[in-house]
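Novice: how would this look folded up:
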Amino acid sequence: MTFEAVLNLVKHLSLPEKLRLIKWIVPEIKRELVVRPAPRKSLWGLCADLGIAPSAADIDEARNEEWANFPREDF
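Specialist: Down below sits the predicted model:
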């Protein structure tokens, strides 16, 4: 049955019957919305747009530069 056919049938209902239909259909819609969680986006490749990662040697070099004068003696 198409939407238009159902709409045509609803137009022929009396006001109390329309209200009864609304009272029945709203909980059905809420139940369907709760049951279907939105699909989650995969985290695979999340950082792919950042380019090539630094090598272990680059990380060691940066670490040595940062910690070269720790603790400082000028306090």
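
Novice: need the next SSE after the helix or strand of the chain with the lowest mean pLDDT, C-terminal direction.
Specialist: Ranked by mean pLDDT, DSSP states H and E, the weakest helix or strand in the chain is helix 15-35, scoring a mean of 90. Downstream of helix 15-35, the next assigned helix or strand under DSSP states H and E is helix 56-66.

Novice: ok, residues contacting that next one?
Specialist: Applying Cβ atoms under 8 Å, 6 or more residues apart in numbering, the contact partners of helix 56-66 are P54. C-beta here means a position set from N, CA and C on the backbone, and glycine is covered the same way.

Novice: Just the CA atoms of that helix, as CSV, please.
Specialist: Extracted in CSV, the C-alpha atoms of helix 56-66 (Å, rounded to 0.1, in the frame of the first residue of the first chain):
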residue,chain,number,x,y,z
ALA,A,56,61.9,6.1,15.6
ALA,A,57,65.2,7.8,14.9
ASP,A,58,63.5,11.2,14.4
ILE,A,59,61.6,10.7,17.7
ASP,A,60,64.8,9.9,19.5
GLU,A,61,66.5,12.9,18.1
ALA,A,62,63.7,15.3,19.1
ARG,A,63,63.6,13.7,22.6
ASN,A,64,67.3,14.2,23.0
GLU,A,65,67.1,17.8,21.9
GLU,A,66,64.3,18.6,24.4
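
Novice: Just the mean pLDDT for that helix, thanks.
Specialist: Averaged over helix 56-66, pLDDT sits at 94.
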